[in-house]
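S.K.: My questions are about this predicted structure, shown below with the sequence.
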Amino acid sequence: MKRKIVKIHEEKCNGCGLCVNACHEGALELINGKAVLLSDVYCDGLGDCLPQCPVDAIEIIERDAEEFDKELVEKRMAERKNKQEPLPCGCPGHAAKEIKVNTDPAVSKAVKAEMSELTSQLRQWPVQIKLVSPNAPYFDNSHILVAADCTAYAYANIHQEFMKGKVTLIGCPKLDSVDYSEKLTEILKNNNVKSITVLRMEVPCCTGIINAVKTALLNSGKMIPWDFKIVSTDGRIIEN
């Protein structure tokens, strides 16, 4: 039958998950960092998820679809409630979590001794992607670190392990209402950049910072070596 139903534009979705929590029928779910319509039978086509999307990745269209099944929806919602508590605001990055720190006296003493010798490895200012000038002299012949804001707080050794010897650019793809790829493309086109390292958090919405770098590399037309690392919310490097 032809009826109104949700359509998700995967290329626009930043994986924030706000639509998942807004859908009262449980029709949407985050899979591999993208919102997905699980089945036509779960979607009533009313579009409660629509106003929650910050990047206009959702629309209501009319197409041939299976009929909305209220009984299946009630069964699914009951199963989901038994399996897990709903995430605050629908976003995995908002889930409350306590991080346990090693408080062993010997370890603490060693860490304090090491920290006393650390110095900042920041090589330039400003650091926000949206504030830097693409023609700044420090970009020429540089190695660039593009990092999500939260990585500096989650990963203790970010200065020595990632920032050292690099130009550091930071941003939050979820909160900044700008397209990073445009500024990054200008930087790559206007300078001889030797490599790019991307440092992101494990939360789904952080994939946006990797997508921006990929787009910039394609648009620049240059073959520049690049790599990315993922930081967990408890401060570990996760294998890609």
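M.R.: Received, thanks. What you see is a predicted model, and the numbers here were worked out from it, not measured in a lab.
S.K.: low-scoring pLDDT stretches of the chain, where are they?
M.R.: For the chain, the stretches with pLDDT under 70 are 81-117, 240.
S.K.: can you map out the helices along it?
M.R.: Taking DSSP state H as the test, the helices found in the chain are 18-22, 70-83, 105-115, 151-154, 158, 180-190, 207-220.
S.K.: what's the closest of these to K164?
M.R.: With Cβ to Cβ as the measure, helix 158 is the member of these nearest K164 (9.5 Å). In short, each C-beta sits where N, CA and C put it, glycine included.
S.K.: Can you list the neighbours in contact with the closest one?
M.R.: Helix 158 is contacted from outside by 147, 151-152, 199, using Cβ atoms under 8 Å, 6 or more residues apart in numbering.
S.K.: go on, stretch 139-147?
M.R.: 129, 158, 162-163, 165-171, 184, 187, 190-200, 209, 212-213.
S.K.: quick one: the closest residue to E66 other than its chain neighbours from R3, how far?
M.R.: Nearest non-adjacent residue to E66, counting by Cβ to Cβ, 6 or more residues apart in numbering: D40, 4.1 Å away. The gap separating D40 from R3 is 9 Å, by Cβ to Cβ, to the nearest Å.
S.K.: So those two - more neighbours on which side?
M.R.: Set D40 next to R3 and count neighbours by other Cβ atoms under 10 Å: D40 wins out with 19 against 16.
S.K.: Pull the number of nearby residues for K7.
M.R.: K7 has 13 neighbouring residues, counting by other Cβ under 10 Å.
S.K.: Pretty sure it sits against I61.
M.R.: Yes: using Cβ atoms under 8 Å, K7 is in contact with I61, at 4.7 Å.
S.K.: For L37, which residues are in contact?
M.R.: Contacts of L37 (Cβ under 8 Å, 6+ apart): 5-8, 27-28, 43.
S.K.: with those in mind, which one is nearest to L50?
M.R.: When the contacts of L37 are compared for distance to L50 (Cβ to Cβ), V6 comes out closest, at 8.0 Å.
S.K.: which residue is nearest the centroid of this protein?
M.R.: By Cα atoms, centre = their mean, the mean C-alpha position of the chain lies nearest to C206, the distance being 0.9 Å.
S.K.: Contact partners for the nearest residue to it once chain neighbours are set aside?
M.R.: Excluding its sequence neighbours, the residue lying closest to C206 (Cβ to Cβ, 6+ apart) is R200, at 4.3 Å. Contacts for R200 were tallied using Cβ under 8 Å, 6+ apart; they are 147-148, 151, 206-207, 209-210, 228-231.
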